[in-house]
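> Show me the folded form of this:
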Amino acid sequence: MDTSFLIKGLIIGFSIAAPVGPIGILCIKRSLVNGRIHGLLSGLGAATADAFYGCVAGFGLTFVSSFLVSQQVILSIVGGIFLCYLGVRSFLQPVAEDNFQPEEQNLIAAYGSTFLLTLTNPMTILSFAAVFAGLGLANTGGDYGTAVILVLGVFIGSAFWWLLLSGGVSLFRKTFKPQAMRWVNRISGCILFVFGVIALLSNVI
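A predicted model of the protein is given here:
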């Protein structure tokens, strides 16, 4: 196994996941309110979608990338509406008075929501394509083994970032009182709603 491709995949996955956007806000909010596992699963949903886009770029699946880019407006609208929904839901979410909510609560929903949100951003595939091309990885010469290693590295790198983020944020969870948790819900809800509005307006302006 060529470990250099694995390392490059790790760097790509970590670098693309690290910038804090709506997924990062969701991960932080869920880690604080629902616990480390909830936040980590939210991140892993995004990491899985990153791996999917890594497959598209690594295997040279141009027909898939072309289709996703051609449907960019529809996907952006769907993602924007979903973000607005998540924002309103977060803003109105009640907080347990004992400052603890079971970590196993809605884990599938936590994973699925970020997976779908990441998939509805076709710009991600363009980011992967640009990074792969910049590193000379856009064409693996039909070597599917190399492409698999590369995509595996992307997933691990992205997952590692979400592990760090959810684990680090959850360390502060017990210090938050119920009133502070309410503000976490409200602020994160407003931010998510704004991200959703921006996504919707981007198709109008």
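> from here on, contacts and neighbour counts on C-alpha atoms
Fine.
> Check which residues of the longest helix anywhere in the chain are buried.
In the chain, with assignment by DSSP state H, the single longest helix is helix 144-170. Buried residues in helix 144-170, counted by 16 or more other Cα atoms under 10 Å: 146-163, 165-167, 169-170.
> cool, and stretch 78-98?
By neighbour count on 16+ other Cα under 10 Å, the buried set for stretch 78-98 is 78-88, 90-91, 95.
> Please write out the alpha-carbon positions of the one helix or strand residue 15 maps to in PDB.
In the assignment (DSSP states H and E), residue 15 maps to helix 3-17. Taking Å, rounded to 0.1, in the frame of the first residue of the first chain, the C-alpha atoms of helix 3-17 are listed here in PDB:
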ATOM      1  CA  THR A   3       1.100   5.300   2.300                       C
ATOM      2  CA  SER A   4       1.800   8.600   0.500                       C
ATOM      3  CA  PHE A   5      -1.700   8.600  -1.000                       C
ATOM      4  CA  LEU A   6      -3.200   7.800   2.300                       C
ATOM      5  CA  ILE A   7      -1.400  10.700   3.900                       C
ATOM      6  CA  LYS A   8      -2.400  13.000   1.100                       C
ATOM      7  CA  GLY A   9      -6.000  11.900   1.500                       C
ATOM      8  CA  LEU A  10      -5.800  12.500   5.300                       C
ATOM      9  CA  ILE A  11      -4.600  16.100   4.600                       C
ATOM     10  CA  ILE A  12      -7.300  16.700   2.000                       C
ATOM     11  CA  GLY A  13     -10.100  15.400   4.200                       C
ATOM     12  CA  PHE A  14      -8.900  17.300   7.300                       C
ATOM     13  CA  SER A  15      -8.400  20.600   5.400                       C
ATOM     14  CA  ILE A  16     -11.800  20.500   3.700                       C
ATOM     15  CA  ALA A  17     -13.700  19.600   6.900                       C
END
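> Which secondary structure elements does it sit against?
Counting contacts by 3 or more Cα pairs under 8 Å, 6 or more residues apart in numbering; DSSP states H and E, helix 3-17 is packed against helix 36-58, helix 144-170.
> which residues sit in contact with the closest residue in space to residue 12 that isn't next to it in sequence?
Spatial nearest neighbour of residue 12, excluding adjacent residues (Cα to Cα, 6 or more residues apart in numbering): residue 154 at 6.0 Å. Counting by Cα atoms under 8 Å, 6 or more residues apart in numbering, residue 154 makes contact with 6, 9-14, 50-51, 54.
> Go through the buried residues of stretch 78-98 and name the one with the lowest pLDDT.
By pLDDT, residue 95 ranks lowest within those, coming in at 67.
> who touches stretch 110-122?
23, 38-39, 41-50, 68-69, 72, 75-76, 78-79, 82-83, 124.
> excluding its backbone neighbours, what's nearest the residue nearest the centre of the chain?
The centroid of the chain falls nearest to residue 46 when counting by Cα atoms, centre = their mean (3.2 Å). Of all residues not flanking residue 46 in the chain, residue 115 sits nearest, at 4.8 Å (Cα to Cα, 6+ apart).
> Now the helix or strand containing that neighbour: buried residues?
Per DSSP H and E: residue 115 is located in helix 107-119. Buried residues in helix 107-119, counted by 16+ other Cα under 10 Å: 107, 110-119.
> any chance of those in a markdown table, with distance to residue 18 and pLDDT too?
Converted to a markdown table, the buried residues of helix 107-119 look like this (distance: Cα to Cα, whole Å; pLDDT from 0 to 100):
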| residue | distance to residue 18 | pLDDT |
| --- | --- | --- |
| 107 | 22 | 85 |
| 110 | 19 | 90 |
| 111 | 18 | 93 |
| 112 | 20 | 92 |
| 113 | 18 | 91 |
| 114 | 15 | 92 |
| 115 | 16 | 93 |
| 116 | 18 | 90 |
| 117 | 16 | 88 |
| 118 | 13 | 87 |
| 119 | 17 | 84 |
